[in-house]
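Student: Need coordinates for the below:
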Amino acid sequence: MKKYLSLLLISAFVFSFSTSFVFAEDEAVQASDSNEIQAIKQKMVTEREALRAKIETNREEAKTKMETLRASLKNEKDAVKAKIKEARIEGREQALERFNNVIDRMSELKDKVNTNITTLEAKGIDTTNAKTFVATAETKLNSAKTKITEATTLLSGSTEQLTAENKTKLRTLAQETQTLIKEAHQALKDAHKALKDAIIAKRNADNATTTTTQ
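Tutor: Modelled structure (predicted):
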């Protein structure tokens, strides 16, 4: 079981990147109260909530399947087998929860980058590169979510031990999911750097303009 679960754990290093984007040292990052910015932010919130609602629905369906499997244990007359199956269900639930927690944290990080992009763009800062990196991260995360859904289908199918074929498939899904999350994480780091570089470029351009006009 330990070997089985280890395939589903995602390395802790994906959380090493700080989820805080602090640009307080530059006036260009101060939040704008304009109606346009507020409208864009509201649209982002609406889209974000719609996506979260869809994800939550999928998770509830998986939870229901697991509860159904647990209820089926009442028909297991062999106490030892019942305990083994119960432990198997709990292990699978924990594995899926870890996957989902990683996706949630990465999605929150992406949302913070998008918020900063919106604010900086309104200040005249070029956010083109950052947007490209965020789009890449979003694509990777969506692919990871799809693979987690496939893993959920495998794990919630029955209380029996997985077949050799399904174990191989699950191992592949876990490895592919981990790779996608690492790539999404790197893309968000690149987006963060792109924003910082854009702030510096804007500041230098403003300073050059000021010097020329003096």
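
Student: who touches the closest residue to A184 other than its chain neighbours in this structure?
Tutor: The spatial neighbour of A184 that comes closest, neighbours along the chain excluded (Cβ to Cβ, 6 or more residues apart in numbering), is K140 at 3.8 Å. Placement of C-beta: from N, CA and C, glycine included. K140 makes contacts with L180, I181, E183, A184, A187, as judged by Cβ atoms under 8 Å, 6 or more residues apart in numbering.

Student: List the ones among those residues that fall in strands.
Tutor: Residues from these lying in strands, with DSSP state E as the criterion: none.

Student: Counting by contacts, list what the helix or strand where V102 lies packs against.
Tutor: According to DSSP states H and E, V102 maps onto helix 79-122. Counting contacts by 3 or more Cβ pairs under 8 Å, 6 or more residues apart in numbering; DSSP states H and E, helix 79-122 packs against helix 2-6, helix 35-72, helix 128-155, helix 164-213.

Student: Give me the average confidence score over that helix.
Tutor: Averaging pLDDT along helix 79-122 yields 85.

Student: can you offset everything so residue one is 398?
Tutor: Noted, 398 is the first residue going forward, which turns the last one into helix 476-519.

Student: ok now it, how far from the chain's centre?
Tutor: Distance of helix 476-519 from the chain centroid (Cα atoms, centre = their mean, to the nearest Å) equals 8 Å.

Student: In this structure, where is pLDDT below threshold?
Tutor: Filtered on pLDDT under 70, the chain yields the residue ranges 398-442, 444-453, 455, 607-611.

Student: Recalculate using a threshold of 80.
Tutor: 398-475, 479, 553-558, 605-611 (pLDDT under 80).
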